[in-house]
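>>> Quick one: sequence and predicted model below, then my questions.
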Amino acid sequence: APDCDPDRLLAALTAVVARHPELGLRFARDPGGEWTQSYADGPPVVPVAHVDLRGLAADDVERVRTDASVAAHRSLDPAAGALGAAALFDHGHRRELLVVLHHVVVDAVSWRVLLEELRHAHAAGPGGPARRSAACSAARWCRSRCGWGRLGPSSRAGPSSQALLSVWPGSGVARSPAGL
């Protein structure tokens, strides 16, 4: 957008990323070869490359944009907790923000939630009201599902929960997920 203040946009991106600790997860293989995940010690960080496209010829703009996009993708490293990267392209008369997130932390629904939060944070400005999506963290969601997965016939679950369990007999749905 022509009137987009880059500092305000980056502050909004930082605020949104900080509200989602899953964006700082680290993934590693244990000695047995199994994948494990852990949260970072601090808030997640999505590094932003500032790419000045002002005064470049059209062919050069496309090449520089492509190079910056490829660099953002290549910088992702789940073992190091690098699950996101961004590039702010400055054309002079307008700016574009590229945000790249690893597929292990984002899906089509998550993208819509994050983009809505980014729009809201940008509109609110620095120090504006934080808008948290109705979604819960992945850790909280998993904890809530562990209890649900152990439901038995004598549980306090309603008939709809019991009906769901009967749909998948022998599928392992009633067992808790490994490692949770």
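Received the coordinates, thanks. Since the model is a prediction, treat every value here as computed from it, not as a measurement.
>>> Just the buried residues of the strand or helix carrying Leu98, please?
When elements are assigned from DSSP states H and E, Leu98 belongs to strand 95-101. Residues of strand 95-101 classed as buried by neighbour count (16 or more other Cβ atoms under 10 Å): Arg95, Leu97, Leu98, Val99, Val100, Leu101. All C-beta atoms are positioned from the backbone trio N, CA, C, and that covers glycine.
>>> immediately after it, which helix or strand?
Heading C-terminal from strand 95-101 (DSSP H and E), you reach helix 108-124.
>>> If you count neighbours, what's buried in that next one?
Buried-residue list, helix 108-124, by 16+ other Cβ under 10 Å: Ser110, Val113, Leu114, Glu117, Leu118, His120, Ala121, His122.
>>> In the protein, where is pLDDT below threshold?
1-3, 127-180 (pLDDT under 70).
>>> let's see it at 50
Applying pLDDT under 50 to the chain flags residues 153-158, 164-165, 167-180.
>>> This protein: strands as residue ranges?
Listed from the start of the chain, the chain has strands (DSSP state E) covering 26-29, 35-38, 48-52, 84-90, 95-101.
>>> JSON lines for those, including distance to Ala58?
As requested, those are exported to JSON lines (distance: least, Cβ to Cβ, whole Å):
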{"stretch": "strand 26-29", "distance to Ala58": "40"}
{"stretch": "strand 35-38", "distance to Ala58": "43"}
{"stretch": "strand 48-52", "distance to Ala58": "15"}
{"stretch": "strand 84-90", "distance to Ala58": "14"}
{"stretch": "strand 95-101", "distance to Ala58": "15"}
